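Engineer: Pasted the sequence and its predicted model underneath.
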Amino acid sequence: MRLSRDGLRALNNLNSASWKPLRRHCRSFQLQAGLLEDLKSRGLVADITRPAQLEVEVQKQPQTVYVGVDPTAPSLHVGHLVPLLCLFHFQMRGHHIIPLIGGATGLVGDPSGRSTERPLSAPETIAHNVEQLTAGITRFFEGAMKYATKRVPQSITSIHPPNVQNNLTWLKDLNLLEFLRTVGFHSRVNTMLARERHVLDTVQARLTSQQGISFTEFTYQLLQAYDFLTLHRKFGCTIQIGGSDQWGNIIAGIELISRANSAPGSQPDGTITEKGFGLTTPLLTTASGQKFGKSAGNAVSLNEADTSVYDFYQFFLRTSDADVGRYLKMFTLLSPDQIQDIMQAHTASPEARTAQQKLAEEVTELVHGAEGVERAQLATKLLYERDIATAKTADVLSALSGNPVLHVRDASEVLDVPLVKLAATFRLAASNSAARQLVSMKGLYLNNVPVADVHQKLSSTDLIDGRLAFLRAGSQKQAVVVLKQ
């Protein structure tokens, strides 16, 4: 792959910039359940290598654990919550955590679970995504810490801030001969094939397909293994967390660490003592079998610029009865007793959807803070419950910030303008004629009152709080118009 001069410059500038996370050390938390026991009970574990030995190690002394983040997009989405929360449970107990962004491996592309080769991304795109993800990851863990301090008692053990890394640091200048001697020498092709087939049959399916698999994709496993080895040598990292589709790659890293650190003849029988651990999280699906994290085909982002707080809150509020108990365990720090009480109340009155409301509140506070919950609930009150009579302009602007239903306009643009024209302008109807048809069917509303006359215009007497107008087509499409001051 050829990197343009500008692409290399962007990647190198990002890599050389020193990322300085908050150096504040706070106390860890007093958690009744053991780490692995808690992770398993919350449904955050699919598999663990040598679980008994790992249990001993995490109780004996602080460990260093990492999770890889693929920079194929500039922001985290709700699918990232599972591995990040798993990492956060380690951090809460005083362990060192490394979120590793694949600034180098993102230029190659992970073939796991893919039936076709991933298109190569431009270096400039990857550099931008790495920068955005670094900020997003740091923001997530800062918010998670604030969320945890309200729910879990603290102990005297220090909590260490996340050590966000970019594997471009050590891969961009890696010599091919050095890589072959360090990694290739300890890797066997037949083992790599068997390992991949054990996970998801990805490589086997691609090998038998017409397209096949490129050498670049096939060696991705070795690059990820080298990441684990490098983190082990630089930071003493001994644990890798990843999705269950990463099992083969994680095992490759454990074996590389063990082989690279074993002196020849150190074991009489020639066996290699494992020196690392792997923990995989489940690939989450809903009870109906759909992939978790999609809303109307789009990924639900943790970044408010991509997914509004209201839409984020609503995504979890729409959780099915079959999934809500499981999600309360996975995505919150509520205790088992608290979750049991919530689910008992929900079972008694499922129509009240108290469990879904609690889930939406908890996850929204985790990601967007307590202020985000307030804004999401106000937006829900305005748009879903349609309680608008006492709405205040400042509150509406705050609650609907970033929401596409919000339209801030000059008075000259909307006052004395026919409502059917405004309905078309704000895409509540496809055209003026479609809007007139809505009026004839009593389907166009102004401030929750059906519009009776196709010639009716928006007047200053219609405004709530002197600046607000709520237009609605049917029960779904809405536009909130706010006049500029």
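Structural biologist: Structure received.

Engineer: Only C-alpha atoms from now on, for both contacts and neighbour counts.
Structural biologist: OK.

Engineer: which residues are contacting stretch 327-344?
Structural biologist: Stretch 327-344 is contacted from outside by 41-44, 81-82, 85, 148, 151-152, 325, 354-355, 359, 362-363, 366, using CA atoms under 8 Å, 6 or more residues apart in numbering.

Engineer: for the record, mean pLDDT for that stretch?
Structural biologist: Per-residue pLDDT over stretch 327-344 has a mean of 97.

Engineer: how far does the helix or strand hosting residue 66 sit from the chain's center?
Structural biologist: Element membership for residue 66 (DSSP states H and E) is strand 64-69. Here strand 64-69 is found 15 Å from its chain centre; the criterion is CA atoms, centre = their mean, to the nearest Å.

Engineer: Show me what it is packed against.
Structural biologist: Identification of packing neighbours for strand 64-69 by 3 or more CA pairs under 8 Å, 6 or more residues apart in numbering; DSSP states H and E yields helix 81-92, strand 96-101, strand 239-243.

Engineer: Take these and write them to CSV, including distance to residue 227, mean pLDDT and mean neighbour count.
Structural biologist: Below are the helices and strands packed on strand 64-69 laid out as CSV (distance: least, CA to CA, whole Å; pLDDT from 0 to 100; neighbours: other CA atoms under 10 Å):
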stretch, distance to residue 227, mean pLDDT, mean neighbour count
helix 81-92, 17, 97, 23
strand 96-101, 9, 98, 22
strand 239-243, 10, 97, 24
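
Engineer: And those: which comes nearest residue 452?
Structural biologist: helix 81-92 (47.7 Å; CA to CA).

Engineer: Tell me the buried residues within the contacts of stretch 327-344.
Structural biologist: Using 16 or more other CA atoms under 10 Å as the burial test, the contacts of stretch 327-344 include 42-44, 81-82, 85, 148, 152, 325, 354-355, 359, 362-363, 366 as buried.

Engineer: In strands only, show me those residues.
Structural biologist: Among these, no member falls in strands (criterion: DSSP state E).

Engineer: ok, and the closest non-adjacent residue to residue 377?
Structural biologist: Excluding the flanking residues, the one nearest residue 377 by CA to CA, 6 or more residues apart in numbering is residue 310, at 7.5 Å.

Engineer: residue ranges with poor pLDDT in the protein?
Structural biologist: Scanning the chain for pLDDT under 70 picks out 1-28, 30, 32, 110-118, 156, 185-206, 210, 262-273, 294-297.

Engineer: quick check: longest helix of it.
Structural biologist: Longest helix of the chain, by residue count under DSSP state H: helix 354-383.

Engineer: residue boundaries of the strands in the stretch 201-350 of the chain?
Structural biologist: Assigned by DSSP state E, counting those that start in this stretch, the stretch 201-350 of the chain shows strands spanning 239-243, 277-281, 294-295, 298-299.

Engineer: In contact with residue 310, which residues?
Structural biologist: 375-377, 379-380, 399-400, 403.

Engineer: Reformat those into a markdown table and put distance to residue 387 and neighbour count next to each item.
Structural biologist: Formatted as a markdown table, the contacts of residue 310 follow (distance: CA to CA, whole Å; neighbours: other CA atoms under 10 Å):
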| residue | distance to residue 387 | neighbour count |
| --- | --- | --- |
| 375 | 14 | 22 |
| 376 | 14 | 26 |
| 377 | 12 | 21 |
| 379 | 10 | 27 |
| 380 | 9 | 19 |
| 399 | 14 | 25 |
| 400 | 14 | 23 |
| 403 | 18 | 19 |
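
Engineer: From those residues, pick the one nearest residue 172.
Structural biologist: Checking the contacts of residue 310 one by one against residue 172 (CA to CA), the nearest turns out to be residue 403, at 39.9 Å.

Engineer: can you count the residues close to the spatially closest residue to residue 382 that is not a sequence neighbour?
Structural biologist: In this structure, residue 382 finds its nearest non-sequential neighbour in residue 388, 5.6 Å apart by CA to CA, 6+ apart. Residue 388 has 17 neighbouring residues, counting by other CA atoms under 10 Å.

Engineer: One more: residue 337?
Structural biologist: Residue 337, neighbours per other CA under 10 Å, totals 9.

Engineer: swap in residue 103?
Structural biologist: 29.

Engineer: Kindly report the same for residue 221.
Structural biologist: Neighbour tally, residue 221, other CA under 10 Å: 24.

Engineer: can you pull out the helices in the stretch 101-250 of the chain?
Structural biologist: 123-149, 168-171, 176-182, 189-199, 202-208, 215-218, 220-235, 247-260 (DSSP state H, counting those that start in this stretch).

Engineer: For residue 48, which of those helices is the nearest?
Structural biologist: helix 247-260 (9.5 Å).

Engineer: So what angle separates the directions of that closest one and helix 220-235?
Structural biologist: Helix 247-260 runs at 50 degrees relative to helix 220-235, counting by axes from the mean of the first three to the mean of the last three CA atoms, to 10 degrees.

Engineer: Dump the strands of the stretch 201-350 of the chain to a markdown table, plus distance to residue 433.
Structural biologist: Shown next, in a markdown table, are the strands of the stretch 201-350 of the chain (distance: least, CA to CA, whole Å):
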| stretch | distance to residue 433 |
| --- | --- |
| strand 239-243 | 51 |
| strand 277-281 | 53 |
| strand 294-295 | 31 |
| strand 298-299 | 31 |
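
Engineer: so which of those comes closest to residue 105?
Structural biologist: Once the strands of the stretch 201-350 of the chain are compared by CA to CA, strand 239-243 is nearest, at 15.1 Å.

Engineer: partner strands of that closest one, parallel or antiparallel?
Structural biologist: Applying DSSP bridges, strand 239-243 is found paired with strand 64-69 (parallel), strand 277-281 (parallel).

Engineer: could you give the angle of the longest one to helix 81-92?
Structural biologist: This points to strand 64-69. Using the same axes, to 10 degrees: strand 64-69 against helix 81-92 is 160 degrees.
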